[in-house]
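>>> coordinates for the following, if possible.
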Amino acid sequence: MQSSQSPARADRRGARSSSAGVSAITGSSSRAPASRSFRSNNNEAGENRRFGRPAPRGGRVSLPSDARRSDGREVISGRNGRVKQFIDPKRFVQEATIAEKAEYIPQHDFSDFAVHPRILENIRAKGYEKPSPIQDKTIPLVLEGRDVVGIANTGTGKTAAFSLPMINDLIRNMEHRCLIMAPTRELAQQIQEEILAFSKNTGIRTALLIGGASMNIQVRDLKRSPRIIIGTPGRIKDHLQQKTLSLSTISFAVLDEFDRMLDMGFIRDITSIFALMPKQRQTLFFSATVDDKIESQIRNFARDPVTVSVKEGVTADSVKQDVVFFRQKEEKIDLLHDLLISDGRGKTIIFDDTKRLVEKLGRELVARGFRVDQIHGNKSQAQRSRAIKRLKTNEIDILVATDVAARGIDVSDISHVINYSQPSTYDDYVHRIGRTGRAGKTGRAFTFVQK
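The predicted model follows:
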């Protein structure tokens, strides 16, 4: 039960050494127990001065004098000796901009696509009315048998864009099989859930091959002759090495979020996997970005692919970004506490460097009365899935995560992203804050910077 009194800082710190008097919050509100109020100041944005002053696009922000390395190098040493790219703290400050965009008018209805009637029934059952841009432009090409490179933002309906024509192909060609690769366990799991909905009552079996889950169960599923195999490159390669998986009859291959798979170092695994598939196959690539490096890799795997681009502005543009300056590490947790009880905070993801630090921070926030769970690489897939489900169903409103475990999190109503530790690269930063500011909404992102 939530206390009606605002504990002092000493009281909150005392909670770390004793669980007495600390009660869990079980209500539906996203707010944590009250804490001390913000210190009075003349900040024109009405926020505590310690959270930095929002600067307009192109504006200036005052930085600590030791923010840059004296030798001018572009890397700094992170925790546990990890090497991090130096990121100018000014890049963490930006106003959100939501551009007005015209409503997309699709050229097709789902009924226009030459797919099996059962697929159309499942589309209607899902409540889909009109194709999204990537679906509208991609599905006809895939139905023609073309290799396709689809460039689109996350959350634009890419799974349906490849799964609807793929399922149609499997229904009409009983000897065909499909392999789908994704960079993370969470994304692979989401793809399977979508495919199960679109393939309902078709008799098509699937197998999910991801790390952190039982190999025995996966071997059992593979023995049942699944028509669709979904997995991460590492676990797929594990099954190939153990000879529990054969790719000799794969006729349809999909690589989702291909750019992220390259960023995560999967190219060698992907190359070895493709070498075991027939050359006569249809191959689809979906990516948020396509540069020269990605194009070069695609040419190694695809046959005269058609590129379809419906990418809009970067997600970071819809996120209001700011910094939280701190002097001593000991004050970070209190600054975070104040931030978490600020007005307007909804579901929040907090990023920290390592598994140990994620666990430590999660325990501290629970002791302070927040509703928290954690995900990182040492968590089993069941634990990670349960944590994300708890966030989606409002059982918790804070998720503490490492970068690796957080890739693939798809929760639509995240209001805040907090970088309790700075990311290793600016690309990682953009990916982190891309968890908020989605579906036309404005998000908030805060990054802790030591003075």
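
>>> show me what counts as buried in stretch 253-270.
For stretch 253-270, a neighbour-count test (16 or more other CB atoms under 10 Å) marks 253-264, 266-267, 269-270 as buried. Placement of C-beta: from N, CA and C, glycine included.

>>> nearest to Lys320, of those residues?
Arg260 (24.7 Å; CB to CB).

>>> now the two most distant members of the buried residues of stretch 253-270.
The most widely separated members of those, counting by CB to CB, are Ala253 and Asp263 (19.9 Å).

>>> which ones among the buried residues of stretch 253-270 map onto strands?
253-256 (DSSP state E).

>>> where is pLDDT lowest across the residues you listed?
Ranked by pLDDT, those bottom out at Asp256 (94).

>>> correct me, but Gln374 touches Ile398?
No - counting by CB atoms under 8 Å, Gln374 stays clear of Ile398, with 9.5 Å between them.

>>> Ile414 is in contact with Thr348, isn't it?
Yes - applying CB under 8 Å, one finds Ile414 in contact with Thr348, separated by 7.0 Å.

>>> point out where this structure drops to low pLDDT.
By pLDDT under 70, the low-scoring segments of the chain are 1-83, 96-102, 312-316, 405-408, 439-440.

>>> and the ones in strands among the buried residues of stretch 253-270 as TSV, adding distance to Met166?
What follows is these, written out as TSV (distance: CB to CB, whole Å):
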residue	distance to Met166
Ala253	10
Val254	7
Leu255	13
Asp256	12
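
>>> closest to Asn201 among those?
The nearest member of those to Asn201, counting by CB to CB, is Val254 at 22.3 Å.

>>> separation between that closest one and Ile333?
Per CB to CB, to the nearest Å, Val254 is found 43 Å from Ile333.

>>> break the protein into its domains for me.
Domains of the chain are assigned by automatic domain parsing as 9-98+317-450, 110-309.

>>> closest one to Tyr104 among those domains?
Evaluated with CB to CB, these place domain 110-309 nearest to Tyr104, the distance being 5.2 Å.

>>> chain center to that closest one: distance?
Put simply, domain 110-309 sits 18 Å off its chain's centre (CA atoms, centre = their mean, to the nearest Å).

>>> also stretch 362-378?
With CA atoms, centre = their mean, you get 19 Å for stretch 362-378.

>>> buried residues of that stretch, list them for me.
The neighbour-count check on stretch 362-378 (16+ other CB under 10 Å) flags 362, 364-376 as buried.

>>> same deal with stretch 383-396?
If you call a residue buried by 16+ other CB under 10 Å, then stretch 383-396 has these buried ones: 384-385, 387-388, 390-391, 396.

>>> ok, now how distant is Ile87 from Phe113?
45 Å.

>>> nope, Gly346 is what I meant
Remark: distance between Gly346 and Phe113 (CB to CB) = 37 Å.

>>> now the helices for the stretch 151-300 of the chain?
158-172, 185-198, 215-223, 233-241, 258-263, 267-274, 292-301 (DSSP state H, counting those that start in this stretch).

>>> pick the most deeply packed of the ones you listed.
Looking across the helices of the stretch 151-300 of the chain with neighbours counted as mean count of other CB atoms under 10 Å, the highest average goes to helix 158-172: a mean of 24.

>>> ok, residues contacting it?
Identification of contacts with helix 158-172 by CB atoms under 8 Å, 6 or more residues apart in numbering yields 113-116, 118-119, 123, 128, 132, 134-135, 138-139, 142-143, 150, 152, 176-178, 180, 190-191, 194-195, 198-199, 202, 204, 227-228, 251-252, 254, 256, 282, 284, 286.

>>> which of the residues you listed count as buried?
Applying 16+ other CB under 10 Å to these flags 113, 115-116, 118-119, 123, 128, 132, 134-135, 138-139, 142-143, 150, 152, 176-178, 180, 190-191, 194-195, 198-199, 202, 204, 227-228, 251-252, 254, 256, 282, 284, 286 as buried.
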